[in-house]
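**Q** the sequence and its predicted three-dimensional model are supplied below.
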Amino acid sequence: MKNYSRILLALIAVFAFTFSDAQDLPKIGAVIRVDADKVQLVAGETFETTLTIVRSKADRKTKFETPVVQEMEGLHASVSATDQADTYLLRLTPTTLLEGTHLLIIKGSGPNRRYLTSKALSVKMTDGESLASVDQ
């Protein structure tokens, strides 16, 4: 009887882990996740955050190229690959970006870009001190 209880407990733990992991995956394609959904920038400072491509089970082997950032006047943005698969470094440096809140779009590139859901990032330019990120 003790063995059955242990087996049942182990099965419940495996099911719970599998179910919680499946909720984080998109149903189809892939999505771009950003460590911070809102960013506050200060002139002269560079902000860095991590982008991660999260794939559905069906698209585990789909090749995605480095995501790109929609150009915005007054903001230099770059995305570069890291040592980890599907993980990229986003750098934002304001040059002449006007004070206020702006919407930055990060999207897929290459032949499979249509399977990668774009991400909108709220960027606030201030003349005050920088906050690494502003929670929603």
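**A** Great, that's in hand.
**Q** so where is this structure shaky, pLDDT-wise?
**A** Counting by pLDDT under 70, the chain shows low-confidence ranges at 1-23, 128-136.
**Q** all the strands of it, in order from the start?
**A** 30-34, 38-42, 47-55, 68-69, 75-81, 87-94, 100-107, 116-117, 119-126 (DSSP state E).
**Q** quickly run through the sheet partners of the second one, with directions.
**A** What it means is strand 38-42. strand 119-126 (parallel) (DSSP bridges).
**Q** quick one: contacts of the strand it pairs with?
**A** 31-34, 36-43, 51, 75, 92, 94, 97-107, 134 (C-beta atoms under 8 Å, 6 or more residues apart in numbering). Any C-beta I mention is one placed from the backbone N, CA and C, and that applies to glycine too.
**Q** among the residues you listed, which ones are buried?
**A** Among the contacts of strand 119-126, those classed as buried by 16 or more other C-beta atoms under 10 Å are 31-32, 34, 36, 39-42, 51, 75, 92, 94, 97, 102, 104, 106.
**Q** correct me, but R33 touches V54?
**A** Yes. With contacts counted by C-beta atoms under 8 Å, R33 reaches V54, the gap being 5.5 Å.
**Q** list just the nearest of the buried ones among the contacts of strand 119-126 to V68.
**A** I106 (7.4 Å; C-beta to C-beta).
**Q** for stretch 78-98, give me every contacting residue.
**A** Stretch 78-98 is contacted by residues 34, 39, 41-55, 64, 66-69, 72-77, 104, 106, 123, 125 when judged by C-beta under 8 Å, 6+ apart.
**Q** what comes up buried for that stretch?
**A** 79, 88, 90, 92-94, 97.
**Q** ends of it, how far apart?
**A** End-to-end distance of stretch 78-98 (C-alpha to C-alpha, to the nearest Å): 19 Å.
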